[in-house]
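Trainee: Here is my input; please provide its structure:
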Amino acid sequence: MMTNLKLTVRRAGERGHGNHGWLNSWHTFSFADYHDPAHMGFRSLRVINDDQIAAASGFPMHPHRDMEIFSYVLAGSLAHEDSMGNSRVLKPGEIQLMRAGSGVRHAEFNPSSTEPAHFLQIWISPDTLGLAPAYTEWTPAPGHENDVKTLVISPDGREGSATIAQDAVIYLLKLQPGMRTTYELPAGRGLWLHLAKGSATVNGILLVAGDAISLEEPGKIEIQSTAEAAEAILFDLG
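Mentor: Just a heads-up that it's a prediction; the model follows:
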């Protein structure tokens, strides 16, 4: 393990926060009424919103353009509708990726009348503006729902991943208690790791749910869960 890497920690409690009753949202980067010049994004990664939506509530139809937007469900379910005619209910462990491109409208809501929904919504700036809007989904292959490290989004769609219009390679990490995995960041790239659930150490630094860690020099990180399981999203960005 390399312990002399310059790792930067973004603590969950330092994020922007808005509680609107029906929506409880934490913003890793500047968003809506939260503005922090020190946290405007990371390379092409522009938004990580950690959202909890009350039962039978949600975002009405609204527009987006020129952004690659994906949602990852952590608990409950998330219903999606858009102006391209897509309608889908996502469950935990599933990802939807929408290319807003030249313009699209969508709505997201919690279809349960009793249970809250918890999901991450993530925006990545595209490498090309004005693309045709598109929608796709990623679900784990049968029998691979709990793989330790799974490629979920990439520029070329390799290994069954969803395709994004950006030099961004995104992995889903799922670690049972005490499990570990490593990742080697090549030169010239940046790494952002968001811990979505549980707790884990990254090169010995303890992270809890909502914390993140970043790296902008080549080297290897080791991620190890604690006595509880952990789930994280790892971004390798050009």
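
Trainee: Can you name the residues that contact the most centrally placed residue in the chain?
Mentor: Centroid-nearest residue in the chain: residue 122, 4.9 Å away (criterion: Cα atoms, centre = their mean). Residues in contact with residue 122, defined by Cβ atoms under 8 Å, 6 or more residues apart in numbering, are 45, 47-49, 69-72, 233. No exception for glycine: its C-beta is placed from N, CA and C like everyone else's.

Trainee: In which helix or strand does it reside?
Mentor: Counting by DSSP states H and E, the element that carries residue 122 is strand 117-124.

Trainee: which other helices and strands contact the helix or strand just after that strand?
Mentor: Toward the C-terminus, strand 117-124 is succeeded by strand 134-138 as the next helix or strand (DSSP H and E). If you count contacts as 3 or more Cβ pairs under 8 Å, 6 or more residues apart in numbering; DSSP states H and E, strand 134-138 packs onto strand 95-99, strand 162-163.

Trainee: Tell me which of those strands lies nearest to residue 182.
Mentor: With Cβ to Cβ as the criterion, residue 182 lies closest to strand 95-99 of the helices and strands packed on strand 134-138, at 23.1 Å.

Trainee: Give me the mean pLDDT for the closest one.
Mentor: Averaged across strand 95-99, the pLDDT comes to 96.

Trainee: which other helices and strands contact that strand?
Mentor: strand 68-75, strand 134-138, strand 149-154, strand 162-163.

Trainee: what's the closest of these to residue 82?
Mentor: Going by Cβ to Cβ, the one of those nearest residue 82 is strand 134-138, 6.4 Å.

Trainee: For that closest one, list the C-alpha coordinates in CSV.
Mentor: C-alpha atoms of strand 134-138 as CSV (Å, rounded to 0.1, in the frame of the first residue of the first chain):
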residue,chain,number,x,y,z
ALA,A,134,-30.3,9.3,-24.8
TYR,A,135,-31.3,7.0,-22.0
THR,A,136,-29.8,3.7,-20.8
GLU,A,137,-29.8,1.5,-17.7
TRP,A,138,-27.2,-0.7,-16.0
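
Trainee: when you give positions from now on, start the count at 30
Mentor: Will do, 30 is the new start, and the previous item becomes strand 163-167.

Trainee: what's next to that strand, contact-wise?
Mentor: Counting by Cβ under 8 Å, 6+ apart, 111, 113, 115, 117, 119, 123-128, 130, 181-182, 189-192 sit against strand 163-167.

Trainee: mind redoing it with 6 Å?
Mentor: Outside strand 163-167, the residues within contact range by Cβ atoms under 6 Å, 6 or more residues apart in numbering are 113, 115, 124-128, 181, 191.

Trainee: Just the closest of those residues to residue 55, please.
Mentor: The shortest approach to residue 55 among the contacts of strand 163-167 belongs to residue 124, at 19.3 Å (Cβ to Cβ).

Trainee: Now restrict the contacts of strand 163-167 to buried residues only.
Mentor: 115, 124-128, 181, 191 (16 or more other Cβ atoms under 10 Å).

Trainee: picking that back up, farthest pair within the contacts of strand 163-167?
Mentor: Top of the distance list for these (Cβ to Cβ): 113 and 181, 21.2 Å.

Trainee: Now do the contacts for the nearest residue to residue 155 once chain neighbours are set aside.
Mentor: Spatially, and ignoring its direct neighbours in sequence, residue 155 is nearest to residue 194 (4.3 Å; Cβ to Cβ, 6 or more residues apart in numbering). Applying Cβ under 6 Å, 6+ apart to residue 194 gives the contacts 155-157, 160.

Trainee: By neighbours, which of these wins?
Mentor: Counting neighbours by other Cβ atoms under 10 Å, the top entry in these is residue 155, with 19 neighbours.
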